[in-house]
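**Student:** Model the structure of this input:
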Amino acid sequence: MISVPTLATALGTDILGISWALIVYQVAGIGLGVVCGRLGDIYGHHKMYGFGMAMMAVGSLLCGLSQDVFQLILFRFLQGVGGAMIQSSGRTLAFKSMPKGSEGKAQGLMAMSHQFGFFVGPPIGGLIIDLVNWRGIFFLLLLPSLVGMALSLMTGRSVAEPAARSRSVDYLGALLFFGLTILATMLLDQKIAEVIGAGNQALLVLTFVGLLWSFVYHEKKTPSPMIDLTFFSTPVFGYGSLGLLMACITQGLTTFVTPFYLQDVLKLSPTFIGMIFLVPSLLSMVLSPVSGAMTDRIGARFLLIMGVLVLMVAFLIGANLRADSHWILPTTLLALVGIGSAFFNTPSQAVMVSSLPKEHWGIAIGIINGIFGLGHMLGISLSGIFLTLAFRFYSGDPGTTPNPGDTHVFVASMNVTYLFALGISFVPLLTSIKSKKIILTGT
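**Tutor:** Residues are numbered from 1 along each chain as shown. You can find the predicted model right below:
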């Protein structure tokens with residue numbers, strides 16, 4: 001995220017073009033996360049985790065060697081494939097290693113380790129950009145990927161092979177779902193809409209609807225579906241999925257728009273921006289285990305409501321930022337996003353997983369990872385849409401794209417985008433209020 005403005009300049013593209021380097025990673029995670037979880041259940045999550053690290057290493061090396069934005073997008077997809085393997089298997093291993101009734105604690109510890117990466121990543125990334133080059137960011141990722149491969153190999157030797165190798169993988173369902181993910185992304189992307197025109201966009205909509213019907217029909221009739229749609233009939237899982245999706249959209253929007261404001265409007269250096277992005281990561285890292293432990297003891301409802309309310313305050317601040325605002329205001333915004341995420345995301349995922357039988361945890365975690373990826377991808381895409389529409393309105397030019405150089409117009413457009421985030425935050429607030437008080441029992 002710290003490198004996005006620099007990457008856009010270095011590779012000769014704009015804010016909408018470089019957004020695809022972020023979106024395509026999420027597309028891979030959404031489309032492949034569930035099937036990777038399924039493959040891990042069959043062939044072993046340690047193996048899947050190790051393969052994911054290997055894929056991440058190769059993808060990172062190639063990203064660092066990219067010569068244009070199209071190559072970067074392609075190799076970021078390769079990284080996303082590795083990320084899908086790592087996320088699905090990593091969280092499943094964590095949940096299964098904990099005793100019953102400790103699902104909240106397990107999710108909290110995983111969130112803490114996840115946020116620790118975000119804690120150390122931004123300042124290192126900012127320093128690399130300032131002192132070396134943006135390519136160094138990707139080359140640096142080789143080291144943890146190789147370490148992950150080695151640790152997976154070492155610990156996996158003592159793990160028994162899964163007994164249920166006869167279970168099938170719904171590859172057709174995975175292919176249909178992956179197609180839906182790509183079509184949804186294309187429908188939301190401004191650049192693609194401009195290139196294909198209104199007529200072809202209508203054809204894309206019809207194709208999406210037809211593919212969606214085919215996916216639902218196939219999943220209902222296949223004996224071993226990729227996504228068991230009956231999961232969503234469980235109120236905890238159904239409400240949790242909708243609320244988590246909407247919350248992730250707002251978080252994806254924030255992390256995409258804010259770096260442009262900090263670097264191109266407030267004129268802060270990448271190193272200083274990296275330090276600012278330490279704040280939400282540190283808060284989320286510290287509070288996620290606390291939130292997980294509290295979920296195990298008092299239930300999730302209070303924590304979910306509190307988390308959404310904190311996020312809504314953050315978006316109110318974003319809607320009132322100005323071109324001459326002090327950097328402490330966007331820092332406060334990011335801090336509140338870190339706090340709100342810790343108190344919403346952790347209990348939401350914990351209760352969703354625990355609401356299903358343990359033999360379905362791998363697929364459930366794959367679905368949750370898909371929701372996370374879809375939410376962040378939609379957050380980036382929708383922020384691009386609203387930012388573009390507002391920028392064209394305020395500038396009076398119907399053919400322009402968002403340009404942070406036009407400071408006041410960009411900031412006004414950004415304020416509208418944060419108001420959009422505030423509006424959709426009411427959905428997770430309602431799902432949190434609707435949910436009953438649940439205390440995890442390790443079901």
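
**Student:** Could you report the distance from the residue lying closest to residue 399 once chain neighbours are set aside to residue 422?
**Tutor:** Nearest non-adjacent residue to residue 399, counting by C-beta to C-beta, 6 or more residues apart in numbering: residue 392, 7.7 Å away. C-beta here means a position set from N, CA and C on the backbone, and glycine is covered the same way. According to C-beta to C-beta, to the nearest Å, residue 392 stands 21 Å off from residue 422.

**Student:** still on that earlier bit, touching, the residue nearest to residue 399 and residue 406? I think so.
**Tutor:** No: using C-beta atoms under 8 Å, residue 392 makes no contact with residue 406, being 11.5 Å away.

**Student:** Give me the residue ranges of the protein where confidence is low.
**Tutor:** Confidence mapping of the chain against pLDDT under 70 gives the ranges 1-2, 16, 101, 156-168, 189-199, 359, 436-443.

**Student:** rerun that using 50 as the cut-off
**Tutor:** The model of the chain has pLDDT under 50 over residues 165, 437-443.

**Student:** domain ranges for the chain?
**Tutor:** Each domain of the chain is listed here as a residue range: 4-169+226-434, 170-225, per automatic domain parsing.

**Student:** Next, format those as CSV and append mean neighbour count.
**Tutor:** Conversion of the domains of the chain to CSV gives the following (neighbours: other C-beta atoms under 10 Å):
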stretch, mean neighbour count
domain 4-169+226-434, 20
domain 170-225, 15
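
**Student:** Could I get the full set of helices for the stretch 201-350 of the chain?
**Tutor:** With DSSP state H, counting those that start in this stretch as the criterion, the stretch 201-350 of the chain has helices at 235-260, 270-276, 278-298, 301-318, 328-354.

**Student:** Compare those helices and report which one is nearest to residue 433.
**Tutor:** helix 301-318 (6.4 Å; C-beta to C-beta).

**Student:** could you give the angle of that closest one to helix 328-354?
**Tutor:** Between helix 301-318 and helix 328-354, the angle comes out at 150 degrees (axes from the mean of the first three to the mean of the last three C-alpha atoms, to 10 degrees).

**Student:** what's the distance between residue 278 and residue 126?
**Tutor:** In terms of C-beta to C-beta, residue 278 sits 10 Å off from residue 126.

**Student:** any idea how far residue 34 lies from residue 14?
**Tutor:** Counting by C-beta to C-beta, the gap from residue 34 to residue 14 is 33 Å.

**Student:** Which helix or which strand is home to residue 414?
**Tutor:** Secondary structure from DSSP states H and E places residue 414 in helix 407-424.

**Student:** hang on, I meant residue 92
**Tutor:** Using DSSP H and E, residue 92 sits in helix 69-97.

**Student:** Residue 100 in helix, strand or coil?
**Tutor:** The local conformation at residue 100, judged by DSSP: H, G, I helix; E, B strand; the rest coil, is coil.

**Student:** Residue 356 too?
**Tutor:** When classified by three-state DSSP, residue 356 comes out as coil.

**Student:** how near is the closest residue to it other than its chain neighbours to residue 107?
**Tutor:** The spatial neighbour of residue 356 that comes closest, neighbours along the chain excluded (C-beta to C-beta, 6+ apart), is residue 364 at 5.1 Å. Distance of residue 364 to residue 107, given as C-beta to C-beta: 12 Å.

**Student:** overlap in contacts of these two?
**Tutor:** residue 353 (C-beta atoms under 8 Å, 6 or more residues apart in numbering).

**Student:** In this structure residue 214 contacts residue 176, no?
**Tutor:** Yes: in this structure, residue 214 is within contact of residue 176 by C-beta under 8 Å, at 5.9 Å.

**Student:** Show the contacting residues for the residue nearest to residue 399.
**Tutor:** Contacts of residue 392 by C-beta under 8 Å, 6+ apart are 398-400.

**Student:** which stretch among the helices of the stretch 201-350 of the chain comes nearest residue 386?
**Tutor:** Among the helices of the stretch 201-350 of the chain, the nearest to residue 386 by C-beta to C-beta is helix 235-260 (8.4 Å).

**Student:** That closest one - contacts with which helices or strands?
**Tutor:** helix 4-10, helix 15-43, helix 301-318, helix 328-354, helix 361-395, helix 407-424, helix 426-434 (3 or more C-beta pairs under 8 Å, 6 or more residues apart in numbering; DSSP states H and E).

**Student:** Need the contact partners of the shortest one.
**Tutor:** Looking back up the chat, that one is helix 4-10. The contact list for helix 4-10 (C-beta under 8 Å, 6+ apart) reads 14-15, 17-18, 21-22, 69, 72, 129, 134, 256, 259-260, 263-264, 270.

**Student:** quick revisit: and the residue nearest to residue 399, how far is that from residue 202?
**Tutor:** Distance check for residue 392 against residue 202: by C-beta to C-beta, it reads 21 Å.

**Student:** Make JSON lines out of the helices of the stretch 201-350 of the chain and add distance to residue 209.
**Tutor:** Formatted as JSON lines, those follow (distance: least, C-beta to C-beta, whole Å):
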{"stretch": "helix 235-260", "distance to residue 209": "20"}
{"stretch": "helix 270-276", "distance to residue 209": "41"}
{"stretch": "helix 278-298", "distance to residue 209": "37"}
{"stretch": "helix 301-318", "distance to residue 209": "31"}
{"stretch": "helix 328-354", "distance to residue 209": "28"}
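
**Student:** Pick the one among the contacts of residue 392 closest to residue 300.
**Tutor:** residue 400 (44.5 Å).
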